[in-house]
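1. take this sequence and fold it.
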Amino acid sequence: MSAPAQPVLHLTGQVICGPEEVHPEAWVVDGHLTFERPPASLEVERLEGYVLPGLVDAHCHVGLEAEGGVTPERAEEHAVTDREAGALLLRDAGSPVDTSWIHDREDLPRLVRAGRHIARPKRYIRNFAHEIEPDQLVEYVRAEARAGDGWVKLVGDWIDREVGDLRPLWPVEVLTEAIAAAHEEGARVTAHCFAEQSLLDFAAAGTDCIEHATGLTEETVRIFAEQDIAIVPTLVNIENFPAFAEAGQAKFPAYAAHMRDLYARRFETVGLAREAGVRIYAGTDAGGQLPHGLIAREVEAMLQVGMTPTEAIGAATWEAREWLGHEGLTEGASADVVVYTDDPRRDVRALAAPAHVVLRGVRHGG
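-> Numbering: from 1, shown residues only. Modelled structure (predicted):
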């Protein structure tokens with residue numbers, strides 16, 4: 001065996017590969033994880049603690065802030081902030097700028113891009129989305145499916161000023177055709193949905209995932225479970241609902257009341273989904289209203305829906321990685337790991353303080 005290009009890392013303590021798979025040690029050799037002891041002649045650096053797969057933020061926006069797209073330099077800051085927080089795999093749920101260059105950066109988290117949001121004119125946040133009419137939806141979905149990394153992001157509902165409340169953006173018939181087109185292109189579809197009706201429409205149209213999903217009811221929870229539609233509730237972002245309601249109170253009181261109701265039952269809603277077996281993954285919605293680096297707060301919030309600490313950790317590690325098609329802590333996998341001094345399974349707040357972050361076998365910080 002030739003000497004590796006960088007020191008071997010010896011991970012000791014508890015290497016937590018899954019809810020029931022824990023090893024006392026592992027090694028990082030040439031950027032890859034192994035459970036086989038390397039030759040004693042190699043230079044070794046020991047990292048001791050509780051080792052998890054690199055965390056996953058399954059809903060964030062690299063390159064996007066409140067006013068729209070930002071420079072590559074600012075997008076890099078987003079990615080570095082997530083890396084320092086231990087989030088080493090990011091599903092970017094919509095950005096108006098092309099961040100595919102991040103794929104070529106060994107020092108930045110792995111990125112799964114959904115391309116740019118697709119919405120209706122004046123029915124979403126300004127400067128975020130392609131703003132099109134329904135007869136253009138299939139065309140734009142195909143284009144974003146080809147431009148992204150296997151995901152397309154639609155806006156499912158938003159405030160309609162004529163009705164003064166949340167309302168779906170797309171007729172079910174064209175939505176069904178568009179989702180089928182995405183699947184033909186090899187991409188999955190997710191959608192921003194706050195309210196009740198859009199969830200029914202997207203389920204009927206064959207969606208793969210829903211973001212936020214605050215309007216779930218017993219009926220849609222059952223449908224989502226039967227159709228294996230995943231949700232990413234972004235609980236830390238839902239904390240903004242009271243502020244959204246207050247901002248709309250004077251002109252749109254029905255909308256304000258609706259948002260307050262969705263907020264009040266948020267934990268119960270996601271808890272119903274959990275009990276029914278709906279797959280739930282951790283995402284922060286960083287980049288729009290929130291800063292990056294909040295994945296530990298999202299995992300902590302998931303305890304409020306009834307998840308155990310191990311379940312909540314899984315929603316941000318091994319389960320989310322499998323869902324996105326990325327390896328966890330398996331023999332020969334890329335060494336994307338986070339090491340903690342305290343055991344997150346005892347107190348998930350430990351996730352907020354990584355002792356060491358290892359990405360592609362290279363240690364960052366700590």
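2. so where's this structure shaky on pLDDT?
-> For the chain, the stretches flagged by pLDDT under 70 are 1-5, 366.
3. rerun at 50
-> Along the chain, segments meeting pLDDT under 50 span 1.
4. helices of that one, start to end?
-> In the chain, the helices defined using DSSP state H lie at 72-84, 137-147, 172-184, 196-205, 218-227, 235-238, 241-248, 253-264, 266-276, 295-302, 309-315, 318-323.
5. just name the most buried of those helices.
-> Of all those, helix 295-302 carries the top mean neighbour count, a mean of 24, counting by mean count of other CB atoms under 10 Å. Bear in mind the C-beta positions are built from the backbone N, C-alpha and C, glycine included.
6. can you list the domains in the chain?
-> Split into domains by the TED database, the chain comes to 8-53+327-364, 55-316.
7. about what we covered before: relative to Q14, which of the helices of the chain is closest?
-> helix 309-315 (12.7 Å; CB to CB).
8. just checking, what packs against that closest one?
-> helix 295-302 (3 or more CB pairs under 8 Å, 6 or more residues apart in numbering; DSSP states H and E).
9. can you tell me the distance between the two ends of stretch 319-332?
-> 19 Å (CA to CA, to the nearest Å).
10. pull the residues that contact it.
-> 15-18, 26, 32-36, 51-53, 56, 58, 89, 91, 110, 112, 150, 230, 279, 281-282, 314, 317-318, 333-334, 337 (CB atoms under 8 Å, 6 or more residues apart in numbering).
11. filter those residues down to the buried ones.
-> 15-18, 26, 32-35, 51-53, 56, 58, 89, 91, 110, 112, 150, 230, 279, 281-282, 314, 317-318, 333-334, 337 (16 or more other CB atoms under 10 Å).
12. mark which of the contacts of stretch 319-332 are part of strands, please.
-> Here DSSP state E is the test, and the contacts of stretch 319-332 give 15-18, 26, 32-34, 51-53, 56, 58, 89, 91, 110, 112, 230, 337 as lying in strands.
13. geometric centre of the chain: which residue is closest?
-> A58 (1.0 Å; CA atoms, centre = their mean).
14. residue contacts, that residue?
-> R91, V232, Y281, A282, G283, A316, A320, W323, L324.
15. now it: how far from A273?
-> Computed as CB to CB, to the nearest Å, the A58 to A273 distance reads 15 Å.
16. and if you look at G288?
-> With CB to CB as the criterion, G288 and A273 are 23 Å apart.
17. go on, A264?
-> When A264 is compared with A273 (using CB to CB), they lie 17 Å apart.
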